[in-house]
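Q: sequence below, structure please.
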Amino acid sequence: MTDQASTPAPDPGDAAAQDTGAIDLRAWAAGHEGLPDQREVPDACAPRQVERRRGFRSWAMRGAADAGSHQGPHGEAEHTHHWLRVMCLTGVDYFSSLGYQPAIAAIAAGFISPIATLVLVALTLFGALPVYRRVASESFRGEGSIAMLERLLPWWAGKLFVLVLLGFAGTAFIITITLSAADAAAHAVENPLMPAALHGANLPITLLLIALLGGVFLRGFKEAIGIAVVLVAVYLVLNAVVIVDSFLLIAAQPELIGDWSTALLHQGGGSPFGVLIVALFVFPQLALGLSGFETGVTVIPQIRGGGMVDGKPVRRIAGAKNLLTTAAITMSVFLITSSFVTTLLIPQREFQAGGAANGRALAYLAHEHLGSVFGTAYDLSTIAILWFAGASAMAGLLNIVPRYLPRYGMAPAWARAIRPLVLVFTTIAFLVTFVFGASVDAQNGAYATGVLALISSAAVAVTLSCRRKRQWKRLAFFSLVALILLYTLVVNVVQRPDGIRIALLFVLGILVVSLASRVRRSFEIRATSVTFDEAALGFLREAEDFGEIHLVANEPGARDALEYTVKAKEERRDSNIPGRASIIFLEVEKTDSSDFEEDLLVRGIIRHGFRVLEVASGNVPNTIAIVLLQIRNLTGVVPHVYFEWTEGNPVSNMVRFLVSGEGEVAPVTREVLRETEPDVRRRPMVHVS
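A: Now for the predicted structure:
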């Protein structure tokens with residue numbers, strides 16, 4: 001058998017010849033590059049040759065092959081760390097919400113804020129924490145709860161559900177960027193040392209912080225666990241100082257507790273039961289305090305550990321569970337104590353829009369009781385961790401989008417690259433900031449909706465997992481947790497409908513762009529690799545020796561001798577296949593048609609004396625096209641393929657193709673070949689009778 005057809009080597013400056021060593025499928029299918037399989041692959045440990053590339057496209061697409069292991073805090077780690085250090089990556093998301101959570105709680109619940117926070121903490125420790133400990137056990141590669149649902153819900157239902165969740169995830173991450181930047185700006189402009197000209201300049205400062213964030217990622221955001229450790233440690237220490245000092249002030253003025261108790265009962269209608277009812281009703285608005293759990297399971301690859309048991313890294317999973325538990329307990333303590341001291345020590349009017357404590361309750365106490373020097377140090381620490389929380393959210397987006405959308409065929413090819421996505425997400429963050437006027441209060445509804453949707457979906461995924469494994473006691477427990485979380489989501493939506501409107505805009509945007517992209521990419525080749533087993537290669541060698549390769553596309557039926565005998569006679573008669581030429585049947589075994597990218601294995605089978613090439617795929621015409629091109633590349637012989645016309649209305653057949661991967665097989669196969677191979681002389685020949 002001959003080697004791949006001799007063709008000119010790709011220009012080093014061509015975008016397809018990515019310096020990462022990525023294979024351009026269009027190029028190799030057309031025979032312009034080495035095949036990504038069944039060829040000699042260089043040692044993966046050898047240093048890659050980096051070539052200088054020119055132009056915006058070259059700069060923007062660099063790193064497209066590394067999708068899913070992005071540059072940033074949540075990427076695949078070259079060096080793993082102890083779980084306590086990795087917890088700080090979660091902490092920049094989770095703990096930074098202390099910058100705005102107490103003020104948001106005070107606005108939502110007033111004097112009942114500490115009680116509502118207690119309800120939130122109970123849901124954190126006895127609901128969200130057990131759910132995500134289970135997620136850590138079953139999704140330990142950093143894919144989060146969305147990957148669990150993708151595995152549990154196959155075919156299009158699973159894909160569409162994942163797209164909806166990606167919309168909510170996009171809401172949570174984008175609003176994390178804009179909300180964190182807005183709160184950082186609030187801490188900056190309210191600092192007494194800030195020039196008077198910048199007071200009230202929240203919007204331009206927020207936009208500047210977002211632009212800086214985008215610039216850092218365009219340049220290349222490196223592993224930053226050391227920075228995260230320092231930021232989290234300093235921030236928690238400063239918060240602890242403010243809270244301890246506040247408790248000392250309250251202890252010195254016990255009448256504050258009496259005044260608060262009176263106001264508490266008055267707001268609850270005069271009875272403890274009324275207080276509890278109000279707390280249960282308003283606590284969903286405090287859901288920002290749950291924001292760190294999804295981040296907690298995306299950082300699992302960073303945790304040191306091994307000890308594989310049944311294919312699971314048990315030590316790493318144990319470290320992830322320790323991380324989640326420690327972070328949840330730490331945050332719970334800070335949530336309760338910060339809510340209590342800010343409610344007792346800060347006048348309610350200061351929490352309102354324009355008030356000195358709006359979006360910065362603990363900073364208000366730091367300046368009020370510990371002086372401007374300490375207050376400024378607290379502001380700087382808060383600004384730094386809030387900005388870094390935005391970086392972590394951007395990294396989360398760059399991890400999720402390339403992992404799912406291109407693989408579904410629901411994003412353009414450039415969505416695999418970091419830099420174009422950074423530009424898109426930065427632009428969206430600018431628009432959101434303009435729409436909300438850089439207001440923390442105006443954005444927390446959308447943020448809470450996104451966070452609660454993700455956590456609720458995680459609870460549903462865990463519940464389905466328990467059902468599949470017939471773990472009935474756990475099923476009952478997680479079903480209850482899922483119902484509580486779904487109730488929390490519904491109440492939040494009812495109380496803050498603006499949040500669901502924003503989230504649904506993200507969901508709608510994801511769905512429209514994804515489905516349009518899927519339709520537009522329908523005629524692309526989809527295989528990420530094509531491999532022939534030894535029997536299949538033997539068939540090709542025999543045909544190659546003859547100088548011609550004739551394949552008959554067959555939709556498998558009974559697979560008995562009569563089926564193949566009749567099919568062979570009809571195709572020879574109707575398509576004028578030369579009598580001297582031997583034929584090979586090509587069959588596609590249908591799998592999940594919602595999958596877009598696939599690794600194909602072509603098996604050679606002797607069935608009733610007939611040679612059959614069999615391949616499993618969710619898409620028939622695109623798979624036939626790529627197999628033909630691979631045969632051409634492997635043998636140097638341009639193959640012929642023979643089809644029968646498909647019965648039925650062409651429009652309905654096209655819809656069948658888009659949904660189920662079947663339909664008008666012959667015309668679509670020919671179109672995929674035409675799109676992929678422009679040279680008619682090298683294009684496999686399609687015959688229809």
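
Q: what sits up against stretch 352-363?
A: Residues from elsewhere that reach stretch 352-363 (CB atoms under 8 Å, 6 or more residues apart in numbering): 98-100, 102-104, 106-107, 182-183, 186-187, 190, 239, 242-243, 338, 342, 346, 349-351, 364, 375, 378-379, 382, 439-441. Just so you know, the C-beta spots here come from the backbone N, C-alpha and C atoms, and that holds for glycine as well.

Q: ChimeraX command for the buried members of those residues?
A: A single ChimeraX command selects the buried members of the contacts of stretch 352-363 (16 or more other CB atoms under 10 Å):
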select :98,99,100,102,103,104,106,107,182,183,186,187,190,239,242,243,338,342,346,350,351,364,375,378,379,382,439,440,441
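
Q: show me the contacts of stretch 352-363 that map onto strands.
A: Per DSSP state E, strands hold no members of those.

Q: could you point out the longest helix in the chain?
A: Taking DSSP state H as the criterion, the chain has its longest helix at helix 361-404.

Q: spatially, what comes nearest to the residue most central in space within the chain if we skip its sequence neighbours?
A: Centroid check for the chain by CA atoms, centre = their mean gives I400 as the closest residue, at 1.9 Å. Spatially, and ignoring its direct neighbours in sequence, I400 is nearest to A169 (5.9 Å; CB to CB, 6 or more residues apart in numbering).

Q: thought that neighbour was touching N399?
A: No - between A169 and N399 there is no contact under CB atoms under 8 Å: 10.2 Å.

Q: these two: which has the busier surroundings?
A: Comparing A169 with N399 by other CB atoms under 10 Å, the one with more neighbours is A169, at 27 against 24.

Q: what comes up buried for the helix or strand that that one is a member of?
A: A169 is part of helix 155-189, with elements assigned from DSSP states H and E. Using 16+ other CB under 10 Å as the test for burial, helix 155-189 gives 158-159, 161-189.

Q: where are the low-confidence patches of the stretch 401-550 of the chain?
A: Within the stretch 401-550 of the chain, the stretches with pLDDT under 70 are 406-416, 518, 544-545.

Q: please apply the same query to the stretch 201-350 of the chain.
A: The model of the stretch 201-350 of the chain has pLDDT under 70 over residues 220-224, 306.

Q: all strands for it, in order.
A: Using DSSP state E, counting those that start in this stretch, the strands found in the stretch 201-350 of the chain span residues 308-309, 312-313.

Q: contacts for stretch 114-121, please.
A: So stretch 114-121 is contacted by 105, 108-109, 264, 275-276, 278-280, 282-283, 286-287, 289-290, 332, 335-336, 339-340, 343 (CB under 8 Å, 6+ apart).

Q: same question for stretch 503-511.
A: 160, 163-164, 166-168, 170-171, 174, 446, 449-450, 453.

Q: just to revisit the earlier point, pick the most buried one from the strands of the stretch 201-350 of the chain.
A: Across the strands of the stretch 201-350 of the chain, averaging neighbours per residue (mean count of other CB atoms under 10 Å) puts strand 312-313 on top, at a mean of 16.

Q: quick revisit: centre of the chain versus the helix holding A169, how much separation?
A: 11 Å (CA atoms, centre = their mean, to the nearest Å).

Q: for that helix, packing partners?
A: The contact analysis (3 or more CB pairs under 8 Å, 6 or more residues apart in numbering; DSSP states H and E) places helix 155-189 against helix 144-152, helix 202-219, helix 361-404, helix 418-436, helix 440-468, helix 497-520.

Q: A553 is nearest to which of the ones you listed?
A: helix 497-520 (23.9 Å; CB to CB).

Q: give the other helices and strands that the helix or strand just after that closest one contacts.
A: Following helix 497-520 in sequence order, the next helix or strand is strand 527-532 (DSSP H and E). Counting contacts by 3+ CB pairs under 8 Å, 6+ apart, strand 527-532 packs against strand 598-607, helix 620-635.

Q: I'd like these laid out as a markdown table, including mean pLDDT.
A: Listed next are the helices and strands packed on strand 527-532 as a markdown table, based on pLDDT from 0 to 100:
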| stretch | mean pLDDT |
| --- | --- |
| strand 598-607 | 85 |
| helix 620-635 | 85 |
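
Q: and these, which is most packed in?
A: helix 620-635 (a mean of 26).

Q: how far off strand 598-607 does it point, in degrees?
A: If you take axes from the mean of the first three to the mean of the last three CA atoms, to 10 degrees, helix 620-635 sits at 80 degrees to strand 598-607.

Q: quick one: the closest residue to A318 other than its chain neighbours from A228, how far?
A: Excluding its sequence neighbours, the residue lying closest to A318 (CB to CB, 6+ apart) is G305, at 7.1 Å. Going from G305 to A228 by CB to CB, to the nearest Å gives 19 Å.

Q: and these two? which has more neighbours close in?
A: With neighbours defined as other CB under 10 Å, G305 and A228 compare such that A228 has more, 25 against 18.

Q: thinking again about what came up before, which of the helices and strands packed on helix 155-189 is buried the deepest?
A: Across the helices and strands packed on helix 155-189, averaging neighbours per residue (mean count of other CB under 10 Å) puts helix 440-468 on top, at a mean of 25.

Q: output the contacting helices and strands for it.
A: helix 101-109, helix 129-138, helix 144-152, helix 155-189, helix 293-298, helix 418-436, helix 472-495, helix 497-520.

Q: could those be laid out in a markdown table, adding distance to S457?
A: Listed next are the helices and strands packed on helix 440-468 as a markdown table, based on distance: least, CB to CB, whole Å:
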| stretch | distance to S457 |
| --- | --- |
| helix 101-109 | 23 |
| helix 129-138 | 10 |
| helix 144-152 | 6 |
| helix 155-189 | 5 |
| helix 293-298 | 10 |
| helix 418-436 | 21 |
| helix 472-495 | 9 |
| helix 497-520 | 12 |
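
Q: nearest approach to W645 belongs to which of these?
A: Nearest to W645, of all these, is helix 497-520, at 23.7 Å by CB to CB.

Q: in a helix, E548, correct?
A: No - applying DSSP: H, G, I helix; E, B strand; the rest coil, one finds E548 to be coil, outside a helix.

Q: low-confidence stretches in the stretch 1-150 of the chain?
A: Those would be 1-78, if you go by pLDDT under 70 across the stretch 1-150 of the chain.

Q: isn't V234 right up against T382?
A: No - if you go by CB under 8 Å, V234 and T382 don't touch, sitting 10.2 Å apart.

Q: tally of neighbours for K473?
A: Applying other CB under 10 Å, we find 8 other residues in the vicinity of K473.

Q: just put the helices and strands packed on helix 155-189 in CSV and tack on distance to R133.
A: Below are those laid out as CSV (distance: least, CB to CB, whole Å):
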stretch, distance to R133
helix 144-152, 12
helix 202-219, 31
helix 361-404, 20
helix 418-436, 30
helix 440-468, 9
helix 497-520, 26
